[in-house]
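Undergrad: Build the 3D model from these lines:
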Amino acid sequence: MKNDVRLGDSGARAWAGSRGWKWLGSLAAGLMCAAASAGTTDLSYPPATSSGHDFNHSPVGQTFTAMASNVRGGIYLADETSFTEWLATVYPGQIAPGSFPYAVAPSVTVNLRLLEGEGVGGAVLYSDTRTLAAPFSGFVEADFGAAGVALGVGNKYTLLLTDVSSQAYPDGVTGWVVPAVHDTAGQPVLDQNGNVVGYVSYGAYYGGLPILQGTLYTNDAGIGDNAFEVIDNAPPVPVQTVSGTNAVITAYVARNPGFIVINGGLNLLDHLWTTDLNAGNTVFEGGLVNWYQTGLLVDYTGIVIPDGVLLTSLTVKSAPQPLVASVANLPAGTVGVAYGSPLVVSIAGGVAPYQIAVGGLPAGLGYDGVTVAGTPTAAGTSALSVVVTDALGVAVSVGTAITINPSPVSTYTKSDEGKGTITAVGPGYLMVRSKKLVWDGRTAITVNTPNGALHVIDAYVKAGQKVQWKGLRDPATNTVLTSRLEVN
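TA: Have a look, this model is predicted:
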């Protein structure tokens, strides 16, 4: 094989040895990189450049390092008509479809083998023969796992594709090609004036070497690697990501790789490995320069591994100040009178967010997280316990009290019940002729509507509706404080 490759006009062909052509597009179009693997245990290198090898160079093959045990794989093969049609899309205006100057064999019969080790001398692990008809462009592959062939991960193997057609080809050319792939700079490429205009890779896949005419090539310009793939049959294992905020460092190991234990380390995912941390994904706040101190707080992201979590980012924060809280006094209430007052709690230190719980409230009152509200039913002074808990589970308790005063001396002394027609509706009262009906938090209210019963006097209640009541009347004002009130 020649050790230099010269480019003439765009789309020129460079002689590559006996009865073989390497197709090379203009360097202005650039040398395309091999496609990325489909998965971490897959090797996927489809055609990526205008370089290829006529199949009369057979056997053609590729060695590789196994990344998985249960695999399928093969070598890429195309008839030259299909190949030049593809090249015309990659290098428009430089390579014309159908520009291959020789006849294309209508079909080829090929043998695909998988050999142990590098080169063609290893034990045959798999072999089959098949006939391919033009047009054809794709991987000639087999499922080795399904055939009972298990590869040793990390071991070398060789894919080998051989023309076994036993037919004579015009000009000794099959018209079929094994494309190549390229990656980084390697052998210099010269223009017609001898100037270096680019580089052809020595090999796109560094885990193995290309094979041409049964020979293992280690450093041949223009070959790159033959297009091939070895795909793991096992479904990919999804990556599980985790994150945490304000986790407390309870232990650490500073060696490299080191790890951080958070929140006591009771869970495997509380072990954070620092192997992949660097200046770009690690932040220290408050003048800190490392995490070698228990009690510090960390925010983190990572991926789950068998030994815990491999960190992908880490923010280290100072240990929080002690949690302290105080509560403002609550105003007094009155039995039977609706009550509502915000509970004002002042908090310092700890780690937000905080939770607040209140115990010891008088009968009839409750706490909704903001306000103490309800209608007290018994007089007296109650001692309250206000418990504040921060995001780390640290809790402090502070006390306060609330006084509920008795109801004032009632002027409602006469029993009264009846029914009638509402003659007027006012704020907090109904009129039935000259009698005024009022209510408080103890009144059982029922307002019957077509959609069901309500238990509040609202805009639905109007003059002309029927009402029944029971309660105590103030003779001086003819006002009834109702214990039961029903509107129909």
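
Undergrad: Okay, residue 74 and residue 61: tell me how far apart.
TA: To residue 61, residue 74 is 10 Å away according to Cβ to Cβ, to the nearest Å. To be clear about C-beta, it is placed using only N, CA and C from the backbone, and glycine gets the same treatment.

Undergrad: any common contacting residues for those two?
TA: Residues touching both residue 74 and residue 61 (Cβ atoms under 8 Å, 6 or more residues apart in numbering): 159, 161.

Undergrad: what's near enough to touch residue 311?
TA: Each residue near residue 311 by Cβ under 8 Å, 6+ apart is listed here: 272, 273, 274, 275, 276, 277, 281, 300, 301, 302.

Undergrad: Buried among those? Make that a ChimeraX selection.
TA: This is the ChimeraX syntax for the buried subset of those, where burial follows 16 or more other Cβ atoms under 10 Å:
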select :272,273,274,277,300,302
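
Undergrad: all strands of the stretch 51-200 of the chain, in order?
TA: 52-54, 60-65, 71-79, 107-116, 124-133, 137-143, 156-163, 176-181, 187-191, 196-200 (DSSP state E, counting those that start in this stretch).

Undergrad: most packed of the ones you listed?
TA: Across the strands of the stretch 51-200 of the chain, averaging neighbours per residue (mean count of other Cβ atoms under 10 Å) puts strand 176-181 on top, at a mean of 28.

Undergrad: Which residues outside it are in contact with it?
TA: If you take Cβ under 8 Å, 6+ apart as the criterion, strand 176-181 is touched by 34, 45-49, 51-55, 57, 60, 75-80, 83, 104-105, 108, 134, 161, 163, 204-205, 210, 222-227.

Undergrad: One more pass at 7 Å, please.
TA: 34, 45, 47-49, 51-55, 60, 75-80, 83, 105, 108, 161, 204, 223-227 (Cβ atoms under 7 Å, 6 or more residues apart in numbering).

Undergrad: Any idea how far apart the tips of stretch 340-348 sit?
TA: 26 Å (Cα to Cα, to the nearest Å).

Undergrad: what pLDDT, on average, does that stretch get?
TA: For stretch 340-348, mean pLDDT rounds to 92.

Undergrad: do the same with stretch 382-394
TA: Rounded mean pLDDT across stretch 382-394 is 91.

Undergrad: got the buried residues for that stretch?
TA: Under the neighbour-count criterion of 16+ other Cβ under 10 Å, stretch 382-394 has 382, 384, 386, 388, 389, 390, 394 buried.

Undergrad: partner residues bridging the third one?
TA: Taking DSSP bridges, one obtains residue 358, residue 398 as the residues bridged to residue 386.

Undergrad: Tell me the spacing between it and residue 264.
TA: Relative to residue 264, residue 386 is positioned 28 Å away (Cβ to Cβ).

Undergrad: looking at it, residue 173 is touching residue 56, isn't it?
TA: Yes: using Cβ atoms under 7 Å, residue 173 makes contact with residue 56 at a distance of 5.9 Å.

Undergrad: May I see the strands of the stretch 51-200 of the chain arranged in TSV, with mean pLDDT as well?
TA: Shown next, in TSV, are those (pLDDT from 0 to 100):
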stretch	mean pLDDT
strand 52-54	82
strand 60-65	92
strand 71-79	96
strand 107-116	97
strand 124-133	97
strand 137-143	97
strand 156-163	96
strand 176-181	89
strand 187-191	54
strand 196-200	56
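
Undergrad: Mind checking those strands for the one nearest to residue 376?
TA: strand 71-79 (76.5 Å; Cβ to Cβ).

Undergrad: Just checking: what are the partner strands of that closest one?
TA: Strand 71-79 has the following strand partners under DSSP bridges: strand 137-143 (antiparallel), strand 176-181 (antiparallel), strand 228-232 (antiparallel).

Undergrad: will you turn these into a markdown table that also has distance to residue 289?
TA: What follows is the strands paired with strand 71-79, written out as a markdown table (distance: least, Cβ to Cβ, whole Å):
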| stretch | distance to residue 289 |
| --- | --- |
| strand 137-143 | 53 |
| strand 176-181 | 46 |
| strand 228-232 | 43 |
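
Undergrad: nearest to residue 306, of these?
TA: Relative to residue 306, the nearest member of these by Cβ to Cβ is strand 228-232, separated by 19.0 Å.

Undergrad: buried ones in the helix or strand following that closest one?
TA: Scanning forward in sequence from strand 228-232 by DSSP states H and E, the next helix or strand is strand 241-253. By 16+ other Cβ under 10 Å, the buried positions in strand 241-253 come out as 242, 244, 246, 247, 248, 249, 250, 252.

Undergrad: from those, which is closest to residue 439?
TA: Proximity of these to residue 439 (Cβ to Cβ) peaks at residue 246, which lies at 49.9 Å.

Undergrad: My read is that that closest one contacts residue 351, right?
TA: Yes: with contact defined as Cβ under 7 Å, residue 246 and residue 351 form a contacting pair (4.9 Å).

Undergrad: intersection of neighbour lists for these two?
TA: 297, 391, 392.

Undergrad: Any regions of the stretch 351-488 of the chain where pLDDT drops low?
TA: Applying pLDDT under 70 to the stretch 351-488 of the chain picks out residues 409.

Undergrad: What are the boundaries of the strands in it?
TA: Using DSSP E, counting those that start in this stretch, strands in the stretch 351-488 of the chain cover 355-359, 365-367, 371-374, 380-389, 395-405, 414-421, 424-426, 429-432, 435-438, 444-449, 452-454, 466-474, 479-487.

Undergrad: Just the angle for the last one relative to strand 444-449, thanks.
TA: Yep, that's strand 479-487 we're talking about. Per axes from the mean of the first three to the mean of the last three Cα atoms, to 10 degrees, the angle that strand 479-487 makes with strand 444-449 is 40 degrees.

Undergrad: Does anything pack onto strand 479-487? Which helices or strands?
TA: strand 435-438, strand 444-449, strand 466-474 (3 or more Cβ pairs under 7 Å, 6 or more residues apart in numbering; DSSP states H and E).

Undergrad: ok, residues contacting the longest one?
TA: Contacts made with strand 466-474 from outside it, assessed by Cβ under 7 Å, 6+ apart, are listed as 411-422, 430, 432, 437, 479-488.

Undergrad: for stretch 392-406, same thing?
TA: For stretch 392-406, contacts defined as Cβ under 7 Å, 6+ apart pick out 246, 248, 323-327, 329-330, 332-335, 350-351, 362, 376, 378-389.

Undergrad: Alpha carbons of stretch 282-289, in CSV - could you do that?
TA: Presented in CSV, the C-alpha positions along stretch 282-289 are these (Å, rounded to 0.1, in the frame of the first residue of the first chain):
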residue,chain,number,x,y,z
THR,A,282,-17.6,22.0,43.0
VAL,A,283,-18.6,25.2,44.8
PHE,A,284,-17.4,26.3,48.3
GLU,A,285,-19.4,29.0,50.1
GLY,A,286,-18.6,31.1,53.1
GLY,A,287,-14.8,30.9,52.7
LEU,A,288,-14.7,27.1,52.9
VAL,A,289,-12.0,25.4,50.8
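
Undergrad: What's the separation between the most centrally placed residue in the chain and residue 62?
TA: Taking Cα atoms, centre = their mean, the centroid of the chain lies closest to residue 241, which sits 6.9 Å from it. According to Cβ to Cβ, residue 241 stands 35 Å off from residue 62.

Undergrad: What of residue 432?
TA: 101 Å.

Undergrad: now residue 352
TA: 59 Å.

Undergrad: go on, residue 210?
TA: With Cβ to Cβ as the criterion, residue 210 and residue 62 are 6 Å apart.
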